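Trainee: Give me the fold of what follows.
(one chain, ligands or ions: 1)
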Amino acid sequence: MRGMQVKVTIRYECRKCKKVTEQIERIVVDNLPDHVKVLQCTKCGVMGVCLLEHAS
Ligand SMILES: [Zn+2]
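Mentor: Residues are numbered from 1 along each chain as shown. As a prediction, the model looks like this:
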């Protein structure tokens, strides 16, 4: 059903909180490579670029 807001959170280390927090993916530009995401910390609200490592 449309209209439901699905928040995908990713656990990632926040540079401000200095620990792993739940972060929301933000689409700010649409030309980023697949492994680069902009994440916003749900604790402090800071946004940062996240480089996802591909598992070998
Ligand atoms: Zn934070």
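
Trainee: which residue ranges form the strands in this structure?
Mentor: Ranges of strands in the chain, per DSSP state E, are 9-14, 19-26, 36-41, 47-51.

Trainee: Going by contacts, tell me the helices and strands next to the third one.
Mentor: Under the contact criterion of 3 or more C-beta pairs under 8 Å, 6 or more residues apart in numbering; DSSP states H and E, the helices and strands touching strand 36-41 comprise strand 9-14, strand 19-26, strand 47-51. Backbone N, C-alpha and C define where each C-beta goes, glycine included.

Trainee: pLDDT at the most centrally placed residue in the chain, what is it?
Mentor: By C-alpha atoms, centre = their mean, the mean C-alpha position of the chain lies nearest to residue 39, the distance being 2.6 Å. Reading off the confidence values, residue 39 has pLDDT 93.

Trainee: and the strands of the chain, which one is worst for confidence?
Mentor: For these, where the average pLDDT is lowest is strand 47-51, sitting at a mean of 89.

Trainee: Each with direction, which strands does that one pair with?
Mentor: Strand 47-51 sits in its sheet next to strand 36-41 (antiparallel), going by DSSP bridges.

Trainee: The ion contacts on the protein?
Mentor: 14, 16, 17, 41, 43, 44 (C-beta under 5 Å from the ion).

Trainee: quick check, nearest of those to residue 7?
Mentor: residue 41 (13.3 Å; C-beta to C-beta).

Trainee: Which strand residues bridge the closest one?
Mentor: residue 23.

Trainee: do the one 10 residues further on as well
Mentor: Going by DSSP bridges, residue 51 is paired in beta bridges with residue 36.

Trainee: Am I right that it is in contact with residue 36?
Mentor: Yes - look at residue 51 against residue 36 with C-beta atoms under 8 Å: they come within range, at 6.0 Å.

Trainee: more crowded one of these two?
Mentor: Legend: neighbour count by other C-beta atoms under 10 Å for residue 51 and residue 36, higher for residue 36 (12 against 9).

Trainee: That one touches residue 49, doesn't it?
Mentor: Yes - between residue 36 and residue 49 there is a contact at 6.3 Å, judged by C-beta under 8 Å.
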